[in-house]
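Trainee: One predicted model, sequence on top.
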Amino acid sequence: MDIFEEINRLKREGKRAALATIVNVHGSIPSVMAAKMLVREDGSIIGTVGGGCVEGDVRKEAMEVMRSEKPHTCSFNLDQRPDDDTGLVCGGSLQIFIEPVIPSPRVYIFGAGHVGFNVQKIATIAGFETVVVDDRAVFANRERFPDAADVLSGEMNEIMTELSPCDSSYIVIVTRGHRHDLNVLRWAIDTPAFYIGMIGSARKVLALFEQLKSEGASAECLARVYAPIGIDIAAVTPEEIAVSIVAELIAARRHCEGELPHARKRLREDEEEMGSQLNPAAAGAVPDQA
């Protein structure tokens, strides 16, 4: 199987991989300069960089490169005793460069109003591939979203049956009304999407969560949802709200480990403090301006 054909296939399917290439050689090694090995996200491989423990170590490092999306160079000294880590005694040394093969993260934006419009623009600039969905053709059209990967207009429940978000997909729910938000959220929590976020006041979020719980949704499923959506930057305008949303998408994508003021964190703090009597204008909640 051709490695580059497989890379293209994986990217089309939204799957991750890492490509390992021998970039530096001294002395004798069990492979050749520029030899390549592709490691898929399930750990399976195509090609070889020489076999043995070196290949096993490269495979482990490739999994971390996929996770971090950051390239890494590994060095191996093969002038060792057979009982050393590599188990190879070729006498040479080599360096292997491992680079991530990551499809452009796809964001499904439900709602083509003011917030959705600005989320699409900013997310595209930030390197996300965007798909815009709305039931209003006057809002969801190519003239309005010329650089979106796709623009889908029609009954949203029907459109959702045709979509297949994968575990690297993002779902942003910024429709114009609670009923649409509820329908999309009901669908979204049953997908393997990496990120799910929904706009709304704290009271609205809790009300929709309670509705889904009454329908059998588990607490674990709802805990996946970033709602209210976005980083709490006191955003007010649609443009500012879009910045806060895309900032959260980036933080999720880059596995940010720092403490960020997520709007949903404020919701949970208020929920613990006030129980079900939550102030609908809770600080940090992103207002409905879809």
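Mentor: Arrived safely, thanks for sending.

Trainee: Where does the record place the domain boundaries for the chain?
Mentor: Domains of the chain are assigned by automatic domain parsing as 3-101, 106-274.

Trainee: Quick one: these as TSV, columns for mean neighbour count too.
Mentor: For every residue, glycine as well, the C-beta is placed using N, CA and C. Shown next, in TSV, are those (neighbours: other CB atoms under 10 Å):
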stretch	mean neighbour count
domain 3-101	17
domain 106-274	19
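
Trainee: lowest-confidence stretch among those?
Mentor: Of all these, mean pLDDT reaches its minimum on domain 3-101 (a mean of 86).

Trainee: and that domain, how far apart are its ends?
Mentor: 12 Å (CA to CA, to the nearest Å).

Trainee: Residue numbering should commence at 55 henceforth.
Mentor: With the count now opening at 55, the last piece we talked about shows up as domain 57-155.

Trainee: shouldn't His168 be in contact with Glu294?
Mentor: No: judged on CB atoms under 8 Å, His168 makes no contact with Glu294 at a distance of 11.3 Å.

Trainee: what ranges do the strands span in this protein?
Mentor: 71-80, 90-94, 99-101, 126-131, 147-155, 160-164, 183-188, 204-207, 224-227, 249-252, 279-280 (DSSP state E).

Trainee: Can I get the longest one as PDB, trimmed to CA atoms?
Mentor: These are the backbone C-alpha positions of strand 71-80, laid out as PDB (Å, rounded to 0.1, in the frame of the first residue of the first chain):
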ATOM      1  CA  ALA A  71      -1.800   9.300  11.800                       C
ATOM      2  CA  ALA A  72       1.900  10.100  12.200                       C
ATOM      3  CA  LEU A  73       4.600   9.800   9.600                       C
ATOM      4  CA  ALA A  74       8.100   8.700  10.700                       C
ATOM      5  CA  THR A  75      11.100   9.400   8.400                       C
ATOM      6  CA  ILE A  76      14.700   8.500   8.900                       C
ATOM      7  CA  VAL A  77      16.400  11.900   8.400                       C
ATOM      8  CA  ASN A  78      20.000  11.300   9.600                       C
ATOM      9  CA  VAL A  79      22.200   8.200   9.500                       C
ATOM     10  CA  HIS A  80      25.700   7.500  10.700                       C
END
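
Trainee: Could you list the paired strands of that strand along with their orientation?
Mentor: strand 90-94 (antiparallel), strand 147-155 (antiparallel) (DSSP bridges).

Trainee: How about residues contacting that strand?
Mentor: If you take CB atoms under 8 Å, 6 or more residues apart in numbering as the criterion, strand 71-80 is touched by 57, 60-61, 64, 83, 85-95, 103-104, 112, 116-117, 119-120, 127, 146-155.

Trainee: Turn the strands of the chain into JSON lines, columns for distance to Leu236.
Mentor: Formatted as JSON lines, the strands of the chain follow (distance: least, CB to CB, whole Å):
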{"stretch": "strand 71-80", "distance to Leu236": "37"}
{"stretch": "strand 90-94", "distance to Leu236": "37"}
{"stretch": "strand 99-101", "distance to Leu236": "44"}
{"stretch": "strand 126-131", "distance to Leu236": "44"}
{"stretch": "strand 147-155", "distance to Leu236": "36"}
{"stretch": "strand 160-164", "distance to Leu236": "11"}
{"stretch": "strand 183-188", "distance to Leu236": "15"}
{"stretch": "strand 204-207", "distance to Leu236": "19"}
{"stretch": "strand 224-227", "distance to Leu236": "9"}
{"stretch": "strand 249-252", "distance to Leu236": "9"}
{"stretch": "strand 279-280", "distance to Leu236": "12"}
